[in-house]
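Student: Pasting the sequence and the predicted model now:
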There are 2 protein chains.
Amino acid sequence: MKGITILSGGMDSATLAYFNADRGIDQAFISFDYGQKHVKELSSAGVIAAKLRCTHRVVDLKSVTPLLKGSALTDDKNVNMPEGFYAEENMRLTVVPNRNAMMLSIAWAAGIAEQADIVYYGAHAGDHYIYEDCRPEFVASLSHAFLLGTHGLKPSGIMAPFIEMDKAQILKVGLELKVPYESTWTCYKGRTVACGVCGSCQERLEAFAKAGIDDPLPYENRRLIPKRAEISA
Amino acid sequence: MKGITILSGGMDSATLAYFNADRGIDQAFISFDYGQKHVKELSSAGVIAAKLRCTHRVVDLKSVTPLLKGSALTDDKNVNMPEGFYAEENMRLTVVPNRNAMMLSIAWAAGIAEQADIVYYGAHAGDHYIYEDCRPEFVASLSHAFLLGTHGLKPSGIMAPFIEMDKAQILKVGLELKVPYESTWTCYKGRTVACGVCGSCQERLEAFAKAGIDDPLPYENRRLIPKRAEISA
């Protein structure tokens, strides 16, 4: 069984990479440089790929970056990175419009080139509320469209094994598989050390807290910010 | 009404650009450099955009080119450009796997950035047999997936006004709109003058022949090659 796995360098896709390796899937990794401030995640992706001894291709999509204005992940001039809890009003700013459709369409082309059976994608349930392109109905529908466009060729579909799991559940899977989380990168800010306060860091710290394990990553500020519900309670 | 129109620089998309301009649609054009041998079409796209006084963005997708191996349009080393009639056994070699899904996903992101109502796409019925990503069911399905992934934002859909027309019918529309066909580029070979013998040139020459009009483009060899059915008849 051959797979193309989209590897961002974050916790979820790194766990997916180890989950697939554990199941004996022959993987090729693909990552995307779309002008994200946290481009550091691509080095993490390279480390994970090297540890698993798989090929790793980084696709340069920086020509697309000017189209992704309005997102805190790519637009330095106009949008500041939100801090604090992983809640809609903040995290909406981090949506990169149609990003996953772009990445998946290119990963699908890579899958054809490599005659891979499946395109693997690390979307998870924690993302559903904010990121519409992480929802099961989106993945199923896009997979169907690609099949119509490339009938009779591999791959046969997009699989997102964690799409109904939250980050704490994914972490539990990964800890059993000994995923080197110290080599993954989650922070949305483009600094040397993870900030600890952006929504993405907060979600990661919360997952480790739930698992009762110390996150091996150094942080500028390792502190869970109370959610609004907890403040008002 | 605002539209993002994918402009390859060929006859069909140039006609679409004029068709939309005639209907008063405020267009932004987008083209893709994916390592096609006939990159000359992008200059033609620039000329059409300038004539219509619209913005024109060329997205650099050359980082994806190595994934598109096996197509005569992008793979110089392994696949020669087929010559002669526009028939399956030849033209299959010119399929670029999942190309239109990639282009449409980026055009959709551009549509969000520009708050465009519609993404316009020049697919036509002559392409259906060979190019699965030019068929109505593919366009409808992909449009649906993008909507699920970017709910509540513009654009509202992908429109392909010529998807049930053949090239001769499109040419008829274009001749009435005075599309400057001398400024369009159709040949799949990357030479200075159109070859006249590749499947794409042959289809174009056939459309002009049906319309009873001389193609204003110079050719190395302007001669319709009989189709197999005509040879054996």
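Tutor: Alright, I've got the coordinates. Please read all numbers here as calculations on a predicted model, not as lab measurements.

Student: Low-confidence ranges, chain A, go.
Tutor: For chain A, applying pLDDT under 70 flags the ranges A:84-90, A:228-233.

Student: tell me which parts of it are close to chain B?
Tutor: Residues of chain A found near chain B (C-beta under 8 Å from any C-beta of the partner chain) are A:57, A:59-61, A:63-64, A:66-70, A:97-102, A:104-106, A:108-110, A:112-113, A:132-133, A:135, A:137-138, A:141-142, A:144-146, A:148-151, A:153. Every C-beta, even on glycine, is put in place using the N, C-alpha and C of the backbone.

Student: So A:Lys51 is in contact with A:Val179, correct?
Tutor: No: if you go by C-beta atoms under 8 Å, A:Lys51 and A:Val179 don't touch, sitting 9.5 Å apart.

Student: Between these two, point out the one with more neighbours.
Tutor: In this view A:Lys51 and A:Val179 are compared by other C-beta atoms under 10 Å in any protein chain shown, and A:Val179 has more residues nearby, 23 against 15.

Student: Quickly note the distance from that one to A:Val47.
Tutor: Separation of A:Val179 from A:Val47 (C-beta to C-beta, to the nearest Å) stands at 12 Å.

Student: Which residue ranges of chain A form helices?
Tutor: A:11-22, A:41-51, A:88-91, A:99-113, A:136-149, A:167-176, A:199-211, A:228-232 (DSSP state H).

Student: any chance of these in CSV, plus distance to B:Lys167?
Tutor: What follows is the helices of chain A, written out as CSV (distance: least, C-beta to C-beta, whole Å):
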stretch, distance to B:Lys167
helix A:11-22, 44
helix A:41-51, 43
helix A:88-91, 47
helix A:99-113, 26
helix A:136-149, 21
helix A:167-176, 50
helix A:199-211, 49
helix A:228-232, 59
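
Student: among those, which is the most enclosed?
Tutor: A comparison of those by mean neighbour count, using mean count of other C-beta atoms under 10 Å in any protein chain shown, puts helix A:99-113 on top with a mean of 26.

Student: For that one, what is the distance to the chain centroid?
Tutor: 15 Å (C-alpha atoms, centre = their mean, to the nearest Å).

Student: Send me it as CSV with only the CA atoms.
Tutor: Extracted in CSV, the C-alpha atoms of helix A:99-113 (Å, rounded to 0.1, in the frame of the first residue of the first chain):
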residue,chain,number,x,y,z
ARG,A,99,-5.8,26.4,1.3
ASN,A,100,-6.6,22.8,1.8
ALA,A,101,-8.3,22.4,-1.6
MET,A,102,-5.1,23.7,-3.2
MET,A,103,-2.8,21.5,-1.2
LEU,A,104,-5.0,18.4,-1.7
SER,A,105,-5.3,19.0,-5.5
ILE,A,106,-1.5,19.1,-5.8
ALA,A,107,-1.1,16.1,-3.4
TRP,A,108,-3.6,14.2,-5.7
ALA,A,109,-1.4,15.1,-8.7
ALA,A,110,1.6,13.8,-6.8
GLY,A,111,-0.4,10.7,-6.0
ILE,A,112,-1.0,10.1,-9.7
ALA,A,113,2.7,10.6,-10.4
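
Student: Report the inter-axis angle for that helix versus helix A:136-149.
Tutor: Calculated by axes from the mean of the first three to the mean of the last three C-alpha atoms, to 10 degrees, helix A:99-113 forms an angle of 40 degrees with helix A:136-149.

Student: Tell me where the longest strand sits in chain A.
Tutor: Assignment by DSSP state E gives strand A:26-33 as the longest strand of chain A.

Student: tell me which residues in that one are buried?
Tutor: Under the neighbour-count criterion of 16 or more other C-beta atoms under 10 Å in any protein chain shown, strand A:26-33 has A:27-33 buried.

Student: who does it pair up with?
Tutor: Sheet partners assigned to strand A:26-33 using DSSP bridges are listed as strand A:2-6 (parallel), strand A:55-60 (parallel).

Student: Deepest in the core, which of these is it.
Tutor: Note that of the strands paired with strand A:26-33, strand A:2-6 is the most buried (mean count of other C-beta under 10 Å), with a mean of 25.

Student: for that one, the distance to its chain's centre please.
Tutor: On C-alpha atoms, centre = their mean, the centre of strand A:2-6 falls 14 Å from that of its chain.

Student: what sits up against stretch A:205-218?
Tutor: With contacts defined as C-beta atoms under 8 Å, 6 or more residues apart in numbering or on different chains, stretch A:205-218 is touched by A:11, A:86, A:166-168, A:170-172, A:175, A:181-182, A:184, A:186, A:193-194, A:196, A:204, A:219, A:222-224.

Student: let's go with 10 Å and repeat that
Tutor: With contacts defined as C-beta atoms under 10 Å, 6 or more residues apart in numbering or on different chains, stretch A:205-218 is touched by A:11-12, A:85-86, A:126, A:166-172, A:174-175, A:180-187, A:192-194, A:196-197, A:201, A:204, A:219, A:221-225, A:227.

Student: what's the span of it from first residue to last?
Tutor: Criterion C-alpha to C-alpha, to the nearest Å; first-to-last residue distance in stretch A:205-218 is 11 Å.

Student: Next: stretch A:188-204.
Tutor: 11 Å.

Student: now do stretch A:5-13
Tutor: Stretch A:5-13: ends 8 Å apart by C-alpha to C-alpha.

Student: now do stretch A:189-201
Tutor: 9 Å.

Student: Please tell me I have it right and A:Tyr120 contacts A:Ser13.
Tutor: Yes: if you go by C-beta atoms under 10 Å, A:Tyr120 and A:Ser13 touch, sitting 8.6 Å apart.
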